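Student: let's see this in three dimensions:
(4 chains)
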There are 2 protein chains.
Amino acid sequence: MGTGTADRILDAALASFARRGYEATSLDSLAVSLDIRKQTILYWFPNKEALLDAVIKRSAGELSQILEEALARAGGGWERVEAVVRSVFRLAARKPELLGLLREVARLGPPAATEMTAALDPLVQRASAFLEAEMDAGRMRRHEPRLLLLAIYSTVIGMVTEVEVLRALGEEPTAKSLVRRRADVLALLSSALRIDQGSTPNGPPEEAVVTERATRPGRPKAAPTTAVSRTG
Amino acid sequence: MGTGTADRILDAALASFARRGYEATSLDSLAVSLDIRKQTILYWFPNKEALLDAVIKRSAGELSQILEEALARAGGGWERVEAVVRSVFRLAARKPELLGLLREVARLGPPAATEMTAALDPLVQRASAFLEAEMDAGRMRRHEPRLLLLAIYSTVIGMVTEVEVLRALGEEPTAKSLVRRRADVLALLSSALRIDQGSTPNGPPEEAVVTERATRPGRPKAAPTTAVSRTG
DNA sequence: GGCTTTGTCTACCATTTGGTAAAGAAGTTG
DNA sequence: CAACTTCTTTACCAAATGGTAGACAAAGCC
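Tutor: Below you'll find the model as predicted:
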C-alpha cells in the first residue's frame, strides 16, 4: 500500500469505515491511530465526506480490478461464476475491509452508494448479461437475472461479512471455516443454478471438493458436543 | 402499538435505528420527532444503550412470535420453508423496521447482537434441526445445515433490506417488485434445495409460489398510531 | 388539606465532533 | 539568502451529543 500520507489515511479510513462504520469513525480517532493530527487529514481531504468518497473511489477501483482480472483468467460457463466466488473469498481472507466497505456503503445509501454503484455498474451489467446468456443456452435454470444476481451477491457477501450471524450459528470466523464456507457456497450455487449436472459427472465440481478434502480427512458431521450454544 | 410514552419512544427508536442506524440516531432528533423533550426519553430509558436494548428485546420477541405463529400454521416439509419466507416478505411489506433492525444489530455486534442472538436462538435451533431432518429424509439436498441457514437468511434478508443494491440492479423498491422478489426467492430456494421426487401433488414449484391469496379484502382500520413518519 | 409518587419539563454540563485560521517546518527555486 | 511551495502542526470554535440535577405539575393516598 501507499507510503504517502494520503494513502495511509485512506488505508486507515477504509479499515475503520468497514469495521466500525462511517458514523462511528471520528477523524480524531483516525488521526490517533495514524499518529498524526486531525488537521493533517483535513489537509488531504477537505472534510469527512470527501474522505469517504475517496475511500470508495479507490476501493471500488481495486474491487473491480480484482474481479476483472479473475474474469480474464477464467474460462467460460460455470467456471466464471466459480472464479468470481473464489475471488471474493480470497478477498475475504486477504483484504476483508474491501467487502466490509461494500456492505457499509450499501447501508449508508446515497450519495455514497451512488458512487460505488456507478463504479461497479459495468461489472453488474456484464454479470447480468452473462447469466441471461447462460440461461438462454440452457446451462442455467431460468430466473430473473437481476434478482438472481442479488441472491448470489447476498449469499456470498453474507457468508463472508456476516460475522455476527455466523457467530449466532456457532460458526467461528476462522480461516478454516472460511474454506468450508466457500466450498458450501459453491456447492449450493451449483445445485441451485446448474442444469448440466447429469451429463458431466466429474469435471466441474472439482476444486470445491479438492479444497474441502484439504481441510480435514474425517469430518463427516461428527457434531462434537454442543450443537450450537454460543450465548456469550 | 402502545399509546404509552415508553411505547411511543420504542416505536420511534425502532424506526430510526432501522433506517438510519444506531449511531446516526440522536436522542434529541428522536425526541423532536415525538414532540417531547430528550429528558423524557432518559426518564424511561436510563441511557441510549438501554433504549437500544429495549428495542431489541421487544422486536426480537415480536419477530420470533411472528415466525412461531407462521410455523404453527404451516404443515410439514417444504411448506415450512415457504411459510417462513412468506412471513418475512409479509413483514417486509407491513413492518420493514423489524428486518431493518435485525440487519443493523447484526452490524453493531456485541453486546447488542448478543441479545438478539439469544432471543432468536430457539428458532435457529429449530430451523437447523429441521433442515437436517429434511436432508436425512432425502427431501433436501445435503449441505451443512448452519451454513445453509445462513445462505437462506442472507438471501431473504438481502432481497428485502438491500435497498441500495436493488437500486443498483435497477429494481425499484415497490410493493409489486416485492411480490416478484418473493416469487423469485421461493423458486430459487426450491430449485436449490428440493429434491423433486416427481410425485409433487401440488404441481410445479412456480405455481405453488403464487398460491397465497394476498391479504387484500380488509385492511385493519386506520393505521395504529403512525410509526414515525419522519425524523428531523 | 398535606404528602408522596409519577411523569415531564427547564436548565446545565462535559465531551466529542467536524471544521477554520494561521503558524511553523522543510524543502525548492530564483 | 529570500521568496515560495508543500506539508504538518498548534490553537481555537460552534454545534451537537449523551447525560445529570432539580423544578414543577398532576394525580393518588392518608
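Student: all helices of chain A, in order?
Tutor: A:5-20, A:27-34, A:38-44, A:48-73, A:78-94, A:96-108, A:112-136, A:145-161, A:163-168, A:175-193, A:206-215 (DSSP state H).
Student: the second one vs DNA strand C: in contact?
Tutor: Yes. Using CB under 7 Å from any atom of the strand, helix A:27-34 reaches DNA strand C at A:27, A:28, A:29. Every residue, glycine included, has its C-beta placed from N, CA and C.
Student: re the thing from before, dump the helices of chain A to CSV, plus mean neighbour count and mean pLDDT.
Tutor: Converted to CSV, the helices of chain A look like this (neighbours: other CB atoms under 10 Å in any protein chain shown; pLDDT from 0 to 100):
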stretch, mean neighbour count, mean pLDDT
helix A:5-20, 20, 98
helix A:27-34, 16, 97
helix A:38-44, 15, 97
helix A:48-73, 17, 97
helix A:78-94, 19, 97
helix A:96-108, 22, 98
helix A:112-136, 17, 96
helix A:145-161, 23, 96
helix A:163-168, 21, 96
helix A:175-193, 19, 95
helix A:206-215, 13, 40
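Student: any chance of the ones you listed in JSON lines, plus distance to residue B:109?
Tutor: As requested, these are exported to JSON lines (distance: least, CB to CB, whole Å):
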{"stretch": "helix A:5-20", "distance to residue B:109": "9"}
{"stretch": "helix A:27-34", "distance to residue B:109": "17"}
{"stretch": "helix A:38-44", "distance to residue B:109": "25"}
{"stretch": "helix A:48-73", "distance to residue B:109": "21"}
{"stretch": "helix A:78-94", "distance to residue B:109": "17"}
{"stretch": "helix A:96-108", "distance to residue B:109": "12"}
{"stretch": "helix A:112-136", "distance to residue B:109": "21"}
{"stretch": "helix A:145-161", "distance to residue B:109": "12"}
{"stretch": "helix A:163-168", "distance to residue B:109": "6"}
{"stretch": "helix A:175-193", "distance to residue B:109": "18"}
{"stretch": "helix A:206-215", "distance to residue B:109": "27"}
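Student: for residue B:85, find the nearest of those helices.
Tutor: Closest to residue B:85 of the helices of chain A is helix A:145-161 (CB to CB; 12.4 Å).
Student: restricting to C-alpha, output the closest one in PDB.
Tutor: What follows is helix A:145-161 as a C-alpha-only set of coordinates in PDB (Å, rounded to 0.1, in the frame of the first residue of the first chain):
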ATOM      1  CA  PRO A 145     -31.200 -12.300 -13.900                       C
ATOM      2  CA  ARG A 146     -31.100  -9.200 -11.700                       C
ATOM      3  CA  LEU A 147     -32.700 -10.900  -8.800                       C
ATOM      4  CA  LEU A 148     -30.600 -13.900  -9.200                       C
ATOM      5  CA  LEU A 149     -27.600 -11.700  -9.100                       C
ATOM      6  CA  LEU A 150     -28.800 -10.100  -5.900                       C
ATOM      7  CA  ALA A 151     -29.300 -13.600  -4.400                       C
ATOM      8  CA  ILE A 152     -25.800 -14.600  -5.300                       C
ATOM      9  CA  TYR A 153     -24.400 -11.300  -4.000                       C
ATOM     10  CA  SER A 154     -26.300 -11.600  -0.800                       C
ATOM     11  CA  THR A 155     -25.300 -15.100  -0.200                       C
ATOM     12  CA  VAL A 156     -21.600 -14.600  -0.900                       C
ATOM     13  CA  ILE A 157     -21.300 -11.300   0.900                       C
ATOM     14  CA  GLY A 158     -23.300 -12.700   3.800                       C
ATOM     15  CA  MET A 159     -21.100 -15.800   4.100                       C
ATOM     16  CA  VAL A 160     -18.100 -13.500   4.200                       C
ATOM     17  CA  THR A 161     -19.200 -10.400   6.100                       C
END
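Student: one step back: tell me which of the helices of chain A lies nearest to residue B:88.
Tutor: helix A:145-161 (13.1 Å).
Student: who are the packing partners of that closest one?
Tutor: On a contact count with 3 or more CB pairs under 8 Å, 6 or more residues apart in numbering or on different chains; DSSP states H and E, helix A:145-161 meets helix A:78-94, helix A:96-108, helix A:112-136, helix A:175-193, helix B:145-161, helix B:163-168, helix B:175-193.
Student: from the residues of helix A:27-34 next to DNA strand C, which is closest to DNA strand D?
Tutor: Comparing these against DNA strand D with CB to the nearest atom of the strand places residue A:28 closest, at 9.6 Å.
Student: ok, now which ones touch that closest one?
Tutor: By CB atoms under 8 Å, 6 or more residues apart in numbering or on different chains, the contact set of residue A:28 is residue A:38.
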